[in-house]
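Asks: need a 3D model of the sequence below.
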Amino acid sequence: MNPKQRAAEAAIQYVRSGTAIGLGTGSTADYFLIALAAALKSGALKDVRGVPTSEQTFRRARELDIPTIELADVSEALDLTVDGADEVADNLDLIKGLGGALLREKIVAFASARMVVIADESKWVATLGRFPLPIEVMPFGLAATKRAVEVAVAAAGCPGRTALRQGKDGHAFVTDGGHWILDASLGRIIDAKLLANRLSAIPGVVEHGLFIGMAQAVILAGPAGARVVERS
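Replies: Numbers count the residues shown, from 1 in each chain. Got it, this is the predicted structure:
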(Lines give C-alpha, C1' and ligand atoms only; values in the text may rest on other atoms or scores of the structure.)
Protein backbone atom coordinates (compact mmCIF):
# COMPACT_ATOMS: atom_id res chain seq x y z
CA MET A 1 0.00 0.00 0.00
CA ASN A 2 1.47 3.36 -0.97
CA PRO A 3 1.55 6.24 1.56
CA LYS A 4 -1.23 8.22 -0.12
CA GLN A 5 -3.57 5.25 0.06
CA ARG A 6 -2.58 4.56 3.66
CA ALA A 7 -3.34 8.15 4.70
CA ALA A 8 -6.64 8.16 2.83
CA GLU A 9 -7.86 4.92 4.37
CA ALA A 10 -6.91 6.16 7.84
CA ALA A 11 -9.19 9.17 7.33
CA ILE A 12 -12.30 6.98 7.08
CA GLN A 13 -12.36 6.81 10.88
CA TYR A 14 -13.34 10.48 10.96
CA VAL A 15 -16.45 9.99 8.81
CA ARG A 16 -19.78 9.42 10.56
CA SER A 17 -22.90 7.87 9.08
CA GLY A 18 -25.73 10.26 8.30
CA THR A 19 -23.52 13.27 7.58
CA ALA A 20 -22.59 15.52 4.67
CA ILE A 21 -18.87 15.88 4.04
CA GLY A 22 -16.58 17.78 1.69
CA LEU A 23 -14.76 15.68 -0.89
CA GLY A 24 -11.32 16.96 -1.83
CA THR A 25 -9.56 17.04 -5.17
CA GLY A 26 -6.30 15.44 -6.28
CA SER A 27 -4.50 12.12 -6.32
CA THR A 28 -4.52 11.59 -2.55
CA ALA A 29 -8.15 12.66 -2.26
CA ASP A 30 -9.00 10.13 -4.96
CA TYR A 31 -7.78 7.34 -2.69
CA PHE A 32 -10.16 8.65 -0.03
CA LEU A 33 -13.04 8.52 -2.50
CA ILE A 34 -12.21 4.89 -3.21
CA ALA A 35 -12.08 4.08 0.51
CA LEU A 36 -15.34 5.93 1.15
CA ALA A 37 -17.08 4.11 -1.69
CA ALA A 38 -15.92 0.77 -0.25
CA ALA A 39 -17.18 1.69 3.23
CA LEU A 40 -20.57 2.68 1.82
CA LYS A 41 -20.83 -0.47 -0.26
CA SER A 42 -19.96 -2.73 2.69
CA GLY A 43 -22.40 -0.97 5.00
CA ALA A 44 -19.67 0.20 7.38
CA LEU A 45 -20.95 3.73 6.64
CA LYS A 46 -24.49 4.69 5.72
CA ASP A 47 -26.23 7.79 4.38
CA VAL A 48 -23.08 9.81 3.74
CA ARG A 49 -23.39 12.55 1.15
CA GLY A 50 -20.45 14.32 -0.40
CA VAL A 51 -19.95 17.90 -1.57
CA PRO A 52 -17.31 17.76 -4.35
CA THR A 53 -14.68 20.49 -4.50
CA SER A 54 -14.26 20.25 -8.27
CA GLU A 55 -15.93 18.98 -11.40
CA GLN A 56 -13.26 16.28 -11.49
CA THR A 57 -14.22 15.07 -8.02
CA PHE A 58 -17.91 15.22 -8.91
CA ARG A 59 -17.37 12.95 -11.90
CA ARG A 60 -15.24 10.57 -9.85
CA ALA A 61 -17.82 10.38 -7.06
CA ARG A 62 -20.49 9.52 -9.60
CA GLU A 63 -18.28 6.76 -11.03
CA LEU A 64 -17.89 5.30 -7.53
CA ASP A 65 -21.60 5.63 -6.64
CA ILE A 66 -20.94 8.11 -3.84
CA PRO A 67 -24.07 10.23 -3.29
CA THR A 68 -23.36 13.93 -3.87
CA ILE A 69 -25.11 17.10 -2.85
CA GLU A 70 -24.69 20.78 -3.70
CA LEU A 71 -23.24 22.98 -0.96
CA ALA A 72 -26.24 25.29 -1.41
CA ASP A 73 -28.51 22.43 -0.33
CA VAL A 74 -26.72 21.90 3.00
CA SER A 75 -28.59 23.78 5.73
CA GLU A 76 -25.86 23.48 8.38
CA ALA A 77 -22.08 23.22 8.44
CA LEU A 78 -20.64 20.17 6.77
CA ASP A 79 -19.50 17.65 9.36
CA LEU A 80 -16.09 17.25 7.78
CA THR A 81 -13.92 17.89 4.75
CA VAL A 82 -11.18 15.44 3.81
CA ASP A 83 -8.65 16.78 1.33
CA GLY A 84 -5.01 16.56 0.36
CA ALA A 85 -2.36 19.27 0.51
CA ASP A 86 0.70 20.27 -1.46
CA GLU A 87 2.59 21.38 1.65
CA VAL A 88 1.91 21.11 5.39
CA ALA A 89 3.78 23.20 7.95
CA ASP A 90 4.27 22.10 11.55
CA ASN A 91 1.51 24.50 12.69
CA LEU A 92 -0.81 22.80 10.15
CA ASP A 93 -0.97 25.76 7.80
CA LEU A 94 -1.17 24.53 4.23
CA ILE A 95 -0.43 25.30 0.62
CA LYS A 96 -3.06 23.88 -1.71
CA GLY A 97 -4.06 24.42 -5.29
CA LEU A 98 -1.50 22.77 -7.53
CA GLY A 99 -4.46 20.85 -8.97
CA GLY A 100 -6.26 24.11 -9.67
CA ALA A 101 -9.25 23.63 -7.34
CA LEU A 102 -8.17 25.94 -4.51
CA LEU A 103 -11.19 28.27 -4.57
CA ARG A 104 -13.82 25.56 -4.24
CA GLU A 105 -11.60 23.62 -1.84
CA LYS A 106 -11.37 26.62 0.47
CA ILE A 107 -15.09 27.41 0.24
CA VAL A 108 -16.02 23.84 1.17
CA ALA A 109 -13.41 23.60 3.93
CA PHE A 110 -14.59 26.90 5.41
CA ALA A 111 -18.16 25.58 5.40
CA SER A 112 -17.10 22.51 7.39
CA ALA A 113 -16.90 21.94 11.12
CA ARG A 114 -13.58 20.12 10.66
CA MET A 115 -10.93 19.75 8.00
CA VAL A 116 -8.78 16.62 7.95
CA VAL A 117 -5.82 16.65 5.58
CA ILE A 118 -4.33 13.48 4.14
CA ALA A 119 -0.80 13.48 2.74
CA ASP A 120 2.39 11.49 2.40
CA GLU A 121 5.31 12.50 4.60
CA SER A 122 7.07 14.34 1.76
CA LYS A 123 4.48 17.12 2.07
CA TRP A 124 5.59 17.96 5.63
CA VAL A 125 7.86 21.05 5.56
CA ALA A 126 9.53 23.26 8.11
CA THR A 127 8.45 26.40 6.24
CA LEU A 128 5.89 26.79 3.48
CA GLY A 129 7.05 27.86 0.03
CA ARG A 130 9.04 24.97 -1.36
CA PHE A 131 6.44 24.59 -4.12
CA PRO A 132 4.93 27.54 -6.03
CA LEU A 133 1.97 29.20 -4.34
CA PRO A 134 -1.14 29.11 -6.56
CA ILE A 135 -3.08 32.37 -6.73
CA GLU A 136 -6.42 32.34 -8.55
CA VAL A 137 -6.99 35.59 -10.43
CA MET A 138 -9.45 37.27 -12.76
CA PRO A 139 -8.41 37.25 -16.42
CA PHE A 140 -9.40 40.93 -16.66
CA GLY A 141 -6.51 43.18 -15.68
CA LEU A 142 -4.06 40.31 -15.42
CA ALA A 143 -0.93 42.41 -15.92
CA ALA A 144 -1.96 44.85 -13.18
CA THR A 145 -2.88 42.02 -10.83
CA LYS A 146 0.42 40.26 -11.49
CA ARG A 147 2.34 43.44 -10.63
CA ALA A 148 0.32 43.88 -7.44
CA VAL A 149 0.97 40.27 -6.43
CA GLU A 150 4.72 40.69 -6.88
CA VAL A 151 4.65 43.88 -4.78
CA ALA A 152 2.64 42.06 -2.09
CA VAL A 153 4.96 39.06 -1.84
CA ALA A 154 7.99 41.35 -1.65
CA ALA A 155 6.35 43.40 1.11
CA ALA A 156 5.65 40.17 2.99
CA GLY A 157 9.35 39.31 2.96
CA CYS A 158 9.33 36.60 0.30
CA PRO A 159 9.97 38.21 -3.09
CA GLY A 160 9.70 35.91 -6.04
CA ARG A 161 8.59 35.51 -9.61
CA THR A 162 5.06 34.74 -10.72
CA ALA A 163 4.02 32.95 -13.88
CA LEU A 164 0.68 32.34 -15.51
CA ARG A 165 -0.16 28.65 -15.36
CA GLN A 166 -0.70 27.02 -18.73
CA GLY A 167 -2.84 24.05 -19.58
CA LYS A 168 -1.87 21.09 -21.71
CA ASP A 169 -3.04 22.97 -24.79
CA GLY A 170 -0.51 25.74 -24.19
CA HIS A 171 -3.18 28.30 -23.31
CA ALA A 172 -3.96 29.70 -19.86
CA PHE A 173 -5.19 27.07 -17.41
CA VAL A 174 -8.85 27.80 -16.62
CA THR A 175 -10.32 26.85 -13.24
CA ASP A 176 -13.82 25.48 -12.69
CA GLY A 177 -14.83 29.04 -11.82
CA GLY A 178 -13.52 30.43 -15.11
CA HIS A 179 -10.46 32.10 -13.59
CA TRP A 180 -6.74 31.87 -14.24
CA ILE A 181 -3.90 30.94 -11.88
CA LEU A 182 -0.63 32.68 -11.15
CA ASP A 183 2.01 30.44 -9.60
CA ALA A 184 4.34 32.36 -7.29
CA SER A 185 7.77 30.80 -6.74
CA LEU A 186 8.74 32.19 -3.34
CA GLY A 187 11.13 29.63 -1.89
CA ARG A 188 10.36 30.40 1.74
CA ILE A 189 7.27 32.09 3.17
CA ILE A 190 8.37 33.71 6.41
CA ASP A 191 4.94 34.93 7.56
CA ALA A 192 2.14 33.02 5.83
CA LYS A 193 -0.65 34.94 7.57
CA LEU A 194 0.79 38.30 6.56
CA LEU A 195 1.18 37.16 2.98
CA ALA A 196 -2.36 35.77 2.92
CA ASN A 197 -3.76 39.10 4.11
CA ARG A 198 -1.78 41.09 1.54
CA LEU A 199 -2.87 38.84 -1.33
CA SER A 200 -6.52 38.94 -0.24
CA ALA A 201 -6.43 42.74 -0.39
CA ILE A 202 -5.68 42.76 -4.14
CA PRO A 203 -8.93 43.25 -6.11
CA GLY A 204 -7.91 41.00 -9.00
CA VAL A 205 -7.08 38.09 -6.69
CA VAL A 206 -10.04 35.75 -6.32
CA GLU A 207 -8.33 33.43 -3.82
CA HIS A 208 -4.91 32.09 -2.87
CA GLY A 209 -3.61 28.69 -1.89
CA LEU A 210 -2.62 29.55 1.69
CA PHE A 211 -4.97 27.70 4.05
CA ILE A 212 -4.28 29.37 7.38
CA GLY A 213 -5.69 27.81 10.55
CA MET A 214 -8.18 25.64 8.67
CA ALA A 215 -6.91 22.10 9.22
CA GLN A 216 -7.75 20.48 12.55
CA ALA A 217 -5.79 17.30 11.86
CA VAL A 218 -3.30 15.98 9.33
CA ILE A 219 -2.74 12.31 8.60
CA LEU A 220 0.82 11.82 7.35
CA ALA A 221 1.76 8.45 5.93
CA GLY A 222 5.07 6.88 5.04
CA PRO A 223 6.58 3.43 4.57
CA ALA A 224 6.36 2.73 8.31
CA GLY A 225 2.69 3.66 8.65
CA ALA A 226 0.53 6.70 9.33
CA ARG A 227 0.62 9.27 12.12
CA VAL A 228 -1.92 11.91 13.06
CA VAL A 229 -0.89 15.45 13.91
CA GLU A 230 -3.65 17.52 15.51
CA ARG A 231 -3.86 21.26 16.00
CA SER A 232 -2.85 22.15 19.54
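Asks: got the domain ranges for this protein?
Replies: Each domain of the chain is listed here as a residue range: 3-125+212-223, 133-207, per automatic domain parsing.
Asks: kindly list the longest helix within the chain.
Replies: With residue count as the measure and DSSP state H as the assignment, the chain has helix 27-42 as its longest helix.
Asks: sorry, back to before: okay, the domains of the chain in TSV with distance to residue 230 next?
Replies: For every residue, glycine as well, the C-beta is placed using N, CA and C. Output for the domains of the chain, formatted as TSV (distance: least, CB to CB, whole Å):
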stretch	distance to residue 230
domain 3-125+212-223	5
domain 133-207	19
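Asks: just the ones you listed: most buried one?
Replies: With neighbours defined by mean count of other CB atoms under 10 Å, none of these is more surrounded on average than domain 3-125+212-223, at a mean of 20.
Asks: figure out how far it is from the centre of its chain.
Replies: From the chain centre to the centre of domain 3-125+212-223 is a distance of 9 Å (CA atoms, centre = their mean, to the nearest Å).
Asks: again, but for stretch 200-212
Replies: Centre-to-centre, stretch 200-212 and its host chain are 14 Å apart (CA atoms, centre = their mean).
Asks: assumed residue 9 was part of a helix.
Replies: Yes: applying DSSP: H, G, I helix; E, B strand; the rest coil, one finds residue 9 inside a helix.
Asks: got the contact list for the closest residue to it other than its chain neighbours?
Replies: Nearest-residue entry for residue 9: residue 35, 4.7 Å, with adjacent residues in sequence omitted and distances by CB to CB, 6 or more residues apart in numbering. Taking CB atoms under 8 Å, 6 or more residues apart in numbering as the definition of contact, the neighbours of residue 35 are 5, 8-9, 11-12.
Asks: cutoff 6 Å now
Replies: When contacts are counted by CB atoms under 6 Å, 6 or more residues apart in numbering, residue 35 touches 8-9, 12.
Asks: for the residues you listed, which one is nearest residue 159?
Replies: Closest approach to residue 159 among those (CB to CB): residue 8, at 36.4 Å.
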